[in-house]
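S.K.: Task: produce atomic coordinates for the following.
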Amino acid sequence: MCEDAAMARKRKKKVFSAAQVVREMARERVGSPKPSRLVPAKKTKPERHKPTLGSLLEDQ
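M.R.: Here you go, the predicted model:
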């Protein structure tokens, strides 16, 4: 058995983040933000020209 596997690894210290502290304080005072919603896809642009008689006959 390897010696490294038997020893537990040390936890990495968390780096202080002022932005994270400000967000936590805001959540306590105001409450958590509403969950985001999916943005509906924009409609595709309509064709710029009317279909010609030839293209209409080809489709049928």
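S.K.: only C-alpha atoms for contact and neighbour calcs from this point on.
M.R.: Noted.
S.K.: remind me which residues of the chain are low pLDDT?
M.R.: 1-5, 60 (pLDDT under 70).
S.K.: residues in contact with the longest helix belonging to the chain?
M.R.: Longest helix in the chain, counting residues (DSSP state H): helix 18-29. For helix 18-29, the external contacting residues (Cα atoms under 8 Å, 6 or more residues apart in numbering) are residue 33.
S.K.: Restricting to C-alpha, output it in PDB.
M.R.: Listed next in PDB are the C-alpha coordinates belonging to helix 18-29 (Å, rounded to 0.1, in the frame of the first residue of the first chain):
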ATOM      1  CA  ALA A  18     -15.900  40.800  -1.200                       C
ATOM      2  CA  ALA A  19     -18.400  40.400  -4.000                       C
ATOM      3  CA  GLN A  20     -19.600  37.100  -2.500                       C
ATOM      4  CA  VAL A  21     -20.000  38.700   0.900                       C
ATOM      5  CA  VAL A  22     -22.000  41.600  -0.500                       C
ATOM      6  CA  ARG A  23     -24.300  39.100  -2.300                       C
ATOM      7  CA  GLU A  24     -24.900  37.100   0.900                       C
ATOM      8  CA  MET A  25     -25.800  40.300   2.800                       C
ATOM      9  CA  ALA A  26     -28.200  41.400   0.000                       C
ATOM     10  CA  ARG A  27     -29.900  38.000   0.100                       C
ATOM     11  CA  GLU A  28     -30.400  38.300   3.800                       C
ATOM     12  CA  ARG A  29     -32.000  41.800   3.500                       C
END
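S.K.: Please point out which parts of it sit buried.
M.R.: Neighbour counts over helix 18-29 (16 or more other Cα atoms under 10 Å) mark no residue as buried.
S.K.: need the next SSE after it, C-terminal direction.
M.R.: Following helix 18-29 in sequence order, the next helix or strand is helix 53-59 (DSSP states H and E).
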